[in-house]
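S.K.: Everything below, folded, please.
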Amino acid sequence: MQMPDEKLFLRSKAIIEPLVDRFFAWPYTIAPVQAAMNLAFLQVPLLESYLQSPQVHVTASNNPELRGGYFINIPESRADEVRDLLATIKRDRADMLRFAEAIAAGQEILRANATGYDLTPLYSKMPEELGGLVELVYDTDNQAQIRFMEPLVYKSKVYDESRQSVQLSLETGIERPFILSTPRLPSPDVLELDIPFRHEGLAELFKARVHGATLAHLREALGLEDAQATQLTALLTDRLELSEDRHIDSGGRIRYFGHACLVLQTPEAAIVTDPFISADSTAGDRYTLDDLPDFIDLVLITHGHQDHIVLETLLQLRGRLGAIVVPRSSRGNLADPSMALMLRHQGFNVIEVDDFDEVEFPGGKITATPFLGEHCDLDIRAKSTYWAELAGKKVFIGADSSGIEPLLYRYVKEHLGTADIAFLGMECDGASLIWLYQALLTVPMPKKMTSTRKLSGSNAEQAAAIMTELGAREAYVYAMGEEEWLGHVMATTYNEDTYQLKQIDEFLAWCKDRNIKAGHLFKQQEWRW
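M.R.: Now for the predicted structure:
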């Protein structure tokens, strides 16, 4: 029998799914301007489409050739719950929906009337929902645009924390539905909490993975009722499940946790890049949440795509994290929400950086470096690669940055020296513009045009150009959603004939010919010095 003062630990396989109006949370569904656009022009139409033909959506969701498509994978027997969700959104999020319509109308007013002359008369023509929240501006080529006063929008009715909730459960090993399309409905084996992401109870719960806590403390911290407290006990255990080698006593270590996630460690500090970490500690073929150090000095976020700023992992780290380092946005651009604003509103300590800004940590420092391409040629500034210096090593963390302009990396080398190790992304034939940004496009674009603008990193030639300019001695290419635990976010499928994999092989051959140590990362790897 459990004693009232018994210290319990959160199980290794406990996971969280952060939701907004039951859709999975990522920057473009949390930041208010972009969230309004996605709700009005993507999620509501998606729900309406499902209700017209539920079985078509379910069939498409289970078709491997349509993996990653916008289809809702919910059985037709639960269609009434989807109908209720749609009705609730239309009723309770009316302010957001009107705001999104106002943005589209405002853009059309600019297109029709902004011809290079004074914009002052157009303010009175703007929809009232935009009043006080936008500025009308020209760029130096006389192209008019709406600039959003993003901090003010967080103070308006458009940002509503009541949209937020979380589901807590145990990882089953069964792939979850694709996060960009399928809302999460209640389930008997899932603990539902109608609390905002910044709720301190969540930090207390996830600290219990490391430090333990009594059930009474967690119940009070989360404000649980009796039935919820009973569900919580299934997520707890009476023994610490963390790995014994999660810390080091000397030198330096880098561990690859999958996708674009690295953990860089010395005895004094720990740095984590783009944390997206498996909870399945029974697999034995990967590093998991159990392998993280107890305290993380810095988390580095390279850019705002859903596979690099993963709230599912970040919320589990908030109670044991010094700060998150994020790239500075362009301030008010529709396609470029501020990650700093968004994360601060979720309770995180955030450091915002520009190119070549430095952030020190015990025994080392991080330098933000430029990030090229990968965002479908949209004017998105909130993206950064990083240069880490620790334990005598210099590490370039390249994420999905492209080598489309190799001379950029020459400037990096001239400023920071020669990298010992470079980590690169080579998803060189990514999804098209409309896959991730369609809700933000207020003017229809022909498929022929959008298909040329892709979420692509470096191909073999571009990766080789980066290495040539950096002069790095070792090169490692991230897995590109190949690990099976990432399917609900990545929805990628590769085979031996896939173009991306052939490009990686070509790059690795290039490295071998030049005596550069190189590899294609998958699941787990460790470097010690």
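S.K.: Let me know how buried residue 237 is, in neighbour terms.
M.R.: As a burial measure, residue 237 scores 17 neighbours (other Cβ atoms under 10 Å). In short, each C-beta sits where N, CA and C put it, glycine included.
S.K.: Which residues does it form beta bridges with?
M.R.: As for beta bridges, residue 237 partners with residue 9 under DSSP bridges.
S.K.: Wait, it touches residue 11, no?
M.R.: Yes - taking contacts as Cβ atoms under 8 Å, residue 237 lies within contact range of residue 11: 5.1 Å.
S.K.: Next, the contact list for the residue lying closest to residue 330 once chain neighbours are set aside, please.
M.R.: In space, and not counting its chain neighbours, residue 330 is closest to residue 381: 4.0 Å by Cβ to Cβ, 6 or more residues apart in numbering. Residue 381 makes contact with 327-330, 333, 336 under the criterion Cβ atoms under 8 Å, 6 or more residues apart in numbering.
S.K.: make it 6 Å
M.R.: By Cβ atoms under 6 Å, 6 or more residues apart in numbering, the contact set of residue 381 is 329-330, 336.
S.K.: which element is it on?
M.R.: In this assignment (DSSP states H and E), residue 381 forms part of neither any helix nor any strand.
S.K.: And for residue 295, the neighbour number?
M.R.: Look at residue 295: counted by other Cβ under 10 Å, it has 13 neighbours.
S.K.: Kindly provide the distance from it to residue 78.
M.R.: Remark: distance between residue 295 and residue 78 (Cβ to Cβ, to the nearest Å) = 42 Å.
S.K.: distance of the residue nearest the centre of the chain from residue 11?
M.R.: Among the residues of the chain, the one closest to the centroid is residue 309, at 2.3 Å (Cα atoms, centre = their mean). With distances taken as Cβ to Cβ, residue 309 is found 25 Å from residue 11.
S.K.: again with residue 358
M.R.: Taken as Cβ to Cβ, the spacing of residue 358 relative to residue 11 amounts to 39 Å.
S.K.: what about the two, which has more around it?
M.R.: With other Cβ under 10 Å as the criterion, residue 358 and residue 11 differ in neighbour count, and residue 11 comes out ahead with 19 against 11.
S.K.: CA atoms only for the helix or strand encompassing residue 314, dumped as PDB, please.
M.R.: Per DSSP H and E, residue 314 falls inside helix 311-317. What follows is helix 311-317 as a C-alpha-only set of coordinates in PDB (Å, rounded to 0.1, in the frame of the first residue of the first chain):
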ATOM      1  CA  LEU A 311       6.400  21.200 -27.200                       C
ATOM      2  CA  GLU A 312       5.900  17.600 -26.400                       C
ATOM      3  CA  THR A 313       9.500  17.400 -25.300                       C
ATOM      4  CA  LEU A 314      10.100  21.000 -24.200                       C
ATOM      5  CA  LEU A 315       7.300  21.000 -21.700                       C
ATOM      6  CA  GLN A 316       9.000  18.000 -20.100                       C
ATOM      7  CA  LEU A 317      12.200  19.900 -19.700                       C
END
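S.K.: now the residue nearest to the centre of the chain, what's its secondary structure?
M.R.: Per DSSP: H, G, I helix; E, B strand; the rest coil, the secondary structure class of residue 309 is coil.
S.K.: Please name the nearest non-neighbouring residue to it.
M.R.: residue 301 (5.2 Å).
S.K.: residue boundaries of the strands in the stretch 151-300 of the chain?
M.R.: Assigned by DSSP state E, counting those that start in this stretch, the strands in the stretch 151-300 of the chain fall at 164-170, 191-193, 236-237, 253-258, 261-265, 270-273, 296-300.
S.K.: For residue 179, which of these is the nearest?
M.R.: Judged by Cβ to Cβ, the one of those that comes nearest to residue 179 is strand 164-170, at 12.2 Å.
S.K.: who's in contact with that closest one?
M.R.: 13, 16-20, 184, 190-191, 193-194, 196-197.
S.K.: Give the partner strands of that strand in its sheet and their orientations.
M.R.: Looking at strand 164-170 with DSSP bridges, its partner strands are strand 14-20 (antiparallel), strand 191-193 (antiparallel).
S.K.: What is the distance between the last one and the centre of its chain?
M.R.: With Cα atoms, centre = their mean, to the nearest Å as the basis, the distance from the averaged C-alpha position of strand 191-193 to the chain average is 22 Å.
S.K.: quick thing: my sequence starts at 489, can you match it?
M.R.: Happy to do that; since the first residue is 489 now, the last one works out to strand 679-681.
S.K.: need the strands for the stretch 889-1017 of the chain, in chain order.
M.R.: In order along the chain, the stretch 889-1017 of the chain carries the following strands (DSSP E, counting those that start in this stretch): 909-912, 962-965, 1005-1008, 1013-1016.
S.K.: Please disregard the earlier target; I meant the stretch 489-638 of the chain.
M.R.: 497-498, 502-508, 511-512, 622-626, 632-636.
S.K.: most packed of those strands?
M.R.: The densest packing among the strands of the stretch 489-638 of the chain, expressed as mean neighbour count by mean count of other Cβ atoms under 10 Å, is seen in strand 511-512 with a mean of 24.
S.K.: Contacts for that strand next, please.
M.R.: For strand 511-512, the surrounding residues in contact (Cβ under 6 Å, 6+ apart) are 517, 531, 667, 671.
S.K.: and those residues, which two are the farthest apart?
M.R.: Between all members of the contacts of strand 511-512, the longest pairwise span (Cβ to Cβ) is found for 531 and 667 and amounts to 12.0 Å.
S.K.: Could you check which of the two has the larger neighbour count?
M.R.: Between residue 531 and residue 667, counted using other Cβ under 10 Å, the more crowded position is residue 531 (26 against 23).
S.K.: distance of the residue nearest to that one when sequence neighbours are not counted from residue 582?
M.R.: Taking Cβ to Cβ, 6+ apart as the measure, residue 531 lies nearest to residue 511, with 5.8 Å between them; neighbours along the chain are not counted. Counting by Cβ to Cβ, the gap between residue 511 and residue 582 amounts to 17 Å.
S.K.: In contact with residue 857, which residues?
M.R.: Neighbour list for residue 857: 873, 875, 900 [criterion: Cβ under 6 Å, 6+ apart].
S.K.: which of those has the most neighbours?
M.R.: With neighbours taken as other Cβ under 10 Å, the top of the contacts of residue 857 is residue 873, carrying 30 neighbours.
S.K.: is it true that that residue touches residue 891?
M.R.: No - here residue 873 does not reach residue 891: they are 11.5 Å apart, not a contact under Cβ atoms under 6 Å.
S.K.: For residue 918, give me its contacts.
M.R.: With contacts defined as Cβ under 6 Å, 6+ apart, the neighbours of residue 918 are 942-944.
S.K.: could you redo those residues as CSV and give each row neighbour count, pLDDT and distance to residue 954?
M.R.: Below are the contacts of residue 918 laid out as CSV (neighbours: other Cβ atoms under 10 Å; pLDDT from 0 to 100; distance: Cβ to Cβ, whole Å):
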residue, neighbour count, pLDDT, distance to residue 954
942, 20, 94, 18
943, 19, 94, 18
944, 23, 93, 14
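S.K.: Quickly note the distance from the residue nearest to residue 773 when sequence neighbours are not counted to residue 857.
M.R.: Of all residues beyond its chain neighbours, the one nearest residue 773 is residue 1011 (5.3 Å), with distances taken as Cβ to Cβ, 6+ apart. The span separating residue 1011 from residue 857 equals 27 Å under the rule Cβ to Cβ.
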